[in-house]
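Trainee: no sequence on this one, just coordinates:
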């Protein structure tokens, strides 16, 4: 524990030396018009699939309160409108969530999901949030933080000291290298970058689609710049007032519900998977595999390291985001227990959960969430509070807790004094989409955002569980989105829910035969393409 305290003290000292304080948080901006951003010089992205796609780098200030100070660059791309000028409706900025996920895949993909007569009227704009992906710099704190086998997530296994050391060390490493940028990687900063993109595009208003954390980004942008919003769509919504710590607890409970649903679905398919005819038997099978991996972790190749209990849990939690993963998940358990075959586990881990060559968007995730709220600092509080949650939701609680534990030591936490209050004043009507069984952004968030945005319309997928519910082939949802983009049409229903859509059917239970192409070519380090039915985007832990 002395080492942990020392690391925390070191991180705090770095923060002090960098001059970071609540007074330099991202909310304040110089009153004059020069916001310090550069211009967009478009050139071909050299994308052979979408040759019309154009790319550019946009220079923006690190700190908008000092626009002439140090600069960074945001990677931006666009798929230009092709409709006649008098039919064009301006740019639509796109964000898939994260915090920190790349939006560069979105213009070509989303424009291809809606009728061409509507898609052709917009300039589709993707971007990588500051400090991430192809933006410059790309922040990396510990390239090996997620290497396996990692310490067991379960507190009962006596690994708390190891995880506390990892989390404290991670926070200190981030602060040591990136103290000049981390305090300026919040949702507010990214929202101001969006307005820099708007200025560089030379347009008075933008349209926006955001999913997951992108709903927090969009609503924050709308709060800061309501007169710059033309149309806005928020899909799978983070509640506007909840703290990130409390949001994680909601996630834990909803992920438990989704795991229970998976177990029940698998039990109905006992003739396929042979794991038992009731959900309790399937959960026991899951526990058996996890327990076995504690003693005998398996090779993770082509990913580095081993698959132990932590890597096993990471392979499975994504089923709460996309239930089309269920057949592969059930196959993993069946193969391991009935055939002593670890190949399906190896494939699933590499497809869903294997780490990349650096820590990906994890620095951006922490920089946003840890900085925007004052997190509990006392491990004894975490231990007692999370134990209560774990008693109700054991599937995901400790996994989620350790993923977020760096916030316990983050030197800049609470710099913004809490998340920005959303009132919707001055905004046009916003279109909201929310599934009732969404584990990552629970249903309460959609209701709370609707209440916060006067004039908004909430579309609910009753029984739906996808995280980000558009673009899965559900006509009720997708046609509502298209109508809004076409001419601003909104659902006409009154009351809390303006429109209800039916969920997709559960997947057909099949034993997923291993594919050589998966073992050889695909790892989670290269995210699944949007066209892959098992893909997950906008992952909000």
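Mentor: It's in. Since this is a predicted model, take the numbers as computed values, not measurements.
Trainee: Which strands or helices does the lengthiest helix in the chain pack on?
Mentor: Of all the segments assigned as helix in the chain under DSSP state H, the longest by residue count is helix 244-268. Contacts defined by 3 or more Cβ pairs under 8 Å, 6 or more residues apart in numbering; DSSP states H and E place helix 244-268 against helix 279-295, helix 326-339, helix 362-372, helix 379-392, helix 397-403. Where you see a C-beta, it was placed from the backbone N, CA and C, and this is true even at glycine.
Trainee: where's residue 411, which helix or strand?
Mentor: Using DSSP states H and E, residue 411 is not contained in any helix or strand.
Trainee: ok, now how distant is it from residue 173?
Mentor: As for residue 411, its distance to residue 173 is 11 Å (criterion: Cβ to Cβ, to the nearest Å).
Trainee: the more surrounded of those two?
Mentor: More crowded of residue 411 and residue 173, by other Cβ atoms under 10 Å: residue 411, with 25 against 20.
Trainee: The more buried one reaches residue 175, doesn't it?
Mentor: Yes: counting by Cβ atoms under 8 Å, residue 411 touches residue 175, with 5.0 Å between them.
Trainee: quick one, strands of the stretch 51-200 of the chain?
Mentor: Using DSSP state E, counting those that start in this stretch, the strands of the stretch 51-200 of the chain run over residues 54-61, 71-79, 91-95, 123-127.
Trainee: Listing request: residues of the stretch 301-450 of the chain with sub-threshold pLDDT.
Mentor: 415-417 (pLDDT under 70).
Trainee: Repeat the analysis, applying 80 as the threshold.
Mentor: For the stretch 301-450 of the chain, applying pLDDT under 80 flags the ranges 414-418.
Trainee: so what's residue 209 up against?
Mentor: By Cβ atoms under 8 Å, 6 or more residues apart in numbering, the contact set of residue 209 is 92, 93, 94, 95, 110, 218, 232, 233, 235.
Trainee: Among these, name the buried ones.
Mentor: With burial judged by 16 or more other Cβ atoms under 10 Å, the buried subset of the contacts of residue 209 is 92, 93, 94, 95, 110, 218, 232, 233, 235.
Trainee: Export the residues you listed as JSON lines, with columns for pLDDT and distance to residue 165.
Mentor: Output for these, formatted as JSON lines (pLDDT from 0 to 100; distance: Cβ to Cβ, whole Å):
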{"residue": "92", "pLDDT": "99", "distance to residue 165": "45"}
{"residue": "93", "pLDDT": "99", "distance to residue 165": "40"}
{"residue": "94", "pLDDT": "98", "distance to residue 165": "39"}
{"residue": "95", "pLDDT": "98", "distance to residue 165": "34"}
{"residue": "110", "pLDDT": "98", "distance to residue 165": "42"}
{"residue": "218", "pLDDT": "98", "distance to residue 165": "37"}
{"residue": "232", "pLDDT": "99", "distance to residue 165": "43"}
{"residue": "233", "pLDDT": "99", "distance to residue 165": "43"}
{"residue": "235", "pLDDT": "98", "distance to residue 165": "38"}
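Trainee: Going by distance to residue 457, which of those wins?
Mentor: Using Cβ to Cβ, residue 233 comes nearest to residue 457 of the buried ones among the contacts of residue 209, at 10.4 Å.
Trainee: What helices and strands are in contact with the helix or strand where that closest one lies?
Mentor: Assigned by DSSP H and E, residue 233 belongs to strand 229-237. Strand 229-237 is packed against strand 206-212, helix 213-224, strand 431-435, helix 443-452, helix 475-487, with contacts defined by 3+ Cβ pairs under 8 Å, 6+ apart.
Trainee: Cool, thanks, signing off.
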